[in-house]
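> Provided below for reference: sequence and predicted model.
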Amino acid sequence: MDLAPCKQTAIAAAYKAADILRSRFGNISRIHKKDAVEIVTEADTESEMEIISAIHGRFPEHSILSEESGLKDGNSEFRWVIDPLDGTVNFAHQVPIFCISIALTCRDEIVLGVVLNPVDGQLYTALRGQGAHLNGNPIRVSTPTAVSESLLVTGFPYHINEIFEPIMIRYGNCLKTSQAVRRLGSAALDICYVACGRFEGFWEQCLKPWDTAAGALIASEAGATVTTFSNQPYKLGDQEILVTNGHIHDEMIGLLEL
């Protein structure tokens with residue numbers, strides 16, 4: 001199947017969703033708690049509805065897995081994986097670090113990734129085997145070969161109290177060894193920032209497919225190494241991910257080992 005129409009649809013849907021998020025930024029009237037710590041806003045649901053409508057309008061037979069709506073099964077080997085607002089907590093607190101993440105899988109292999117930052121307009125895209133791009137320009141990972149020369153980024157799960165100790169051990173190992181560790185609050189952007197060379201490595205656990213699907217392909221196509229903490233190739237549905245420029249990957253695996 002020619003994936004160009006899928007890419008065009010995903011990009012158009014992302015831009016429409018971005019319009020919604022920009023109009024809602026700083027203008028949220030209702031925040032709903034999924035549980036004690038995880039939240040969702042009307043911006044999440046409005047953005048999701050726009051994306052799903054655009055995709056189903058063009059590809060009604062495709063399945064869709066989205067953060068707020070769950071799985072909508074279709075009669076196709078293709079499945080879209082959508083996060084309509086990655087960085088909801090940032091968004092709700094008017095911190096301008098969030099994005100839209102849209103991936104397409106074929107028989108559980110990620111074949112298309114689109115991540116759009118509505119704040120600065122940076123659009124990250126990748127088709128499997130065709131490289132990764134930022135606003136149409138090719139991107140590659142950075143070149144540092146040691147963690148001591150590297151700027152890292154990570155994230156923490158909503159329910160951190162349940163696994164606090166291993167998360168802090170890994171964080172401490174990386175913090176003591178690297179130049180610095182950042183925490184932005186958007187896994188999809190974190191991964192894309194590794195892809196374009198701003199960070200050398202990203203790790204996080206307790207993730208959902210929509211957090212990482214698009215970014216994982218974009219990073220891989222930009223030359224990144226993308227695995228689990230045990231150095232197994234990342235696959236859709238893995239709850240942990242390590243994304244590096246490749247040069248520091250083995251050293252990072254050692255730092256994450258418990």
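Yep, it's here.
> so what secondary structure elements neighbour the top helix by length along the chain?
Of all the segments of type helix in the chain, defined by DSSP state H, the longest one is helix 4-24. Contact partners of helix 4-24 among helices and strands, from 3 or more CB pairs under 8 Å, 6 or more residues apart in numbering; DSSP states H and E: helix 42-58, strand 78-86, strand 99-106, strand 109-116, strand 123-127. C-beta here means a position set from N, CA and C on the backbone, and glycine is covered the same way.
> now with 6 Å?
Counting by 3 or more CB pairs under 6 Å, 6 or more residues apart in numbering; DSSP states H and E, the packing neighbours recorded for helix 4-24 are helix 42-58, strand 99-106, strand 109-116.
> just the ones you listed: most buried one?
strand 99-106 (a mean of 27; mean count of other CB atoms under 10 Å).
> relative orientation of that strand and strand 123-127 in degrees?
When axes from the mean of the first three to the mean of the last three CA atoms, to 10 degrees is applied, the directions of strand 99-106 and strand 123-127 differ by 10 degrees.
> Partner strands of strand 99-106, with direction?
The sheet places strand 99-106 alongside strand 78-86 (antiparallel), strand 109-116 (antiparallel), with pairing taken from DSSP bridges.
> List the buried residues of stretch 229-249.
For stretch 229-249, the buried set under the neighbour-count rule, 16 or more other CB atoms under 10 Å, comprises 229, 234, 236, 238, 240-249.
> What of stretch 12-20?
Residues of stretch 12-20 classed as buried: Ala13, Ala14, Tyr15, Ala17, Ala18, Ile20 (neighbour count, 16+ other CB under 10 Å).
> and which of those residues is nearest to Asn173?
Ala14 (35.7 Å; CB to CB).
> check contacts around the residue lying closest to that closest one once chain neighbours are set aside.
Taking CB to CB, 6 or more residues apart in numbering as the measure, Ala14 lies nearest to Leu116, with 4.1 Å between them; neighbours along the chain are not counted. With contacts taken as CB atoms under 6 Å, 6 or more residues apart in numbering, Leu116 has the following neighbours: Ala14, Ala18, Ile100, Leu123.
> Switch those residues over to JSON lines; also include pLDDT.
JSON lines is the format used below for those (pLDDT from 0 to 100):
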{"residue": "Ala14", "pLDDT": "99"}
{"residue": "Ala18", "pLDDT": "98"}
{"residue": "Ile100", "pLDDT": "99"}
{"residue": "Leu123", "pLDDT": "99"}
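> if we can go back for a sec, among the buried residues of stretch 229-249, which lie within helices?
Judged by DSSP H, the buried residues of stretch 229-249 include His249 as members of helices.
> Report the two of the buried residues of stretch 229-249 separated the most.
Farthest apart among the buried residues of stretch 229-249 by CB to CB are Leu236 and His247. That separation is 25.5 Å.
> State the number of residues packed around Thr225.
Residue crowding around Thr225 was assessed by other CB atoms under 10 Å; the count is 23.
> again but with Gly201, I slipped
32.
> Quick one: find the helix or strand in the chain with the lowest mean pLDDT.
The element with the least model confidence among the helices and strands of the chain, by mean pLDDT, DSSP states H and E, is strand 31-33, at a mean of 75.
> quick one, what contacts Asp238?
Residues touching Asp238, when contacts are defined by CB under 6 Å, 6+ apart, comprise Thr228.
> will you turn the helices and strands packed on helix 4-24 into TSV that also has distance to His93?
Conversion of those to TSV gives the following (distance: least, CB to CB, whole Å):
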stretch	distance to His93
helix 42-58	13
strand 99-106	16
strand 109-116	21
